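Engineer: Could you work out the structure for the sequence below:
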Amino acid sequence: MSVSYKVGEMGERPWGTWEVLAVGSNYIVKRIIVNPHQKLSLQSHEFRSEHWIIASGTGTVTLDDETFDTPQDTHIYIEKQQKHRMENKTDFPVVFIEVQTGDTLDENDIQRYEDIYGRV
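Structural biologist: Below you'll find the predicted structure:
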């Protein structure tokens, strides 16, 4: 089992910010804020699944070939290897809690398919 995060760790990305709230032997909990009119890359993970709980705002989620709006109090489950993305099409931040579960929880476990910021 591998976890590469520590509680309190934070980061900025072109789309917003993230903060680690909790770390266990096989889980990580993050608060993610997606700024207005920004979006995460379309991506998948080999070794982890994710649960997203929308805390505030309305996001637009892509899961494989399906896209749908996710208002506050919505829960999304993302399986290992499933393509996914959060997009904020509104004028207000989207805040969601991400719970990662799996045997390997590492920032390098990411396969990007599309990214408007040019990341690979």
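Engineer: who touches the most centrally placed residue in the chain in this structure?
Structural biologist: Compute the mean C-alpha point of the chain, and by CA atoms, centre = their mean the closest residue is E98, 6.0 Å away. Shown in contact with E98 (CB atoms under 8 Å, 6 or more residues apart in numbering): W18, V29, K30, R31, I32, E50, H51, W52. Where you see a C-beta, it was placed from the backbone N, CA and C, and this is true even at glycine.
Engineer: In what element of secondary structure is it found?
Structural biologist: Using DSSP states H and E, E98 sits within strand 94-102.
Engineer: All the strands of the chain, residue numbers only.
Structural biologist: For the chain, applying DSSP state E gives strands covering 2-3, 10-13, 16-23, 27-34, 42-44, 48-56, 59-63, 66-70, 75-78, 84-87, 94-102, 104-105, 111-114.
Engineer: circling back: filter the contacts of E98 down to the buried ones.
Structural biologist: W18, V29, K30, I32, E50, H51, W52 (16 or more other CB atoms under 10 Å).
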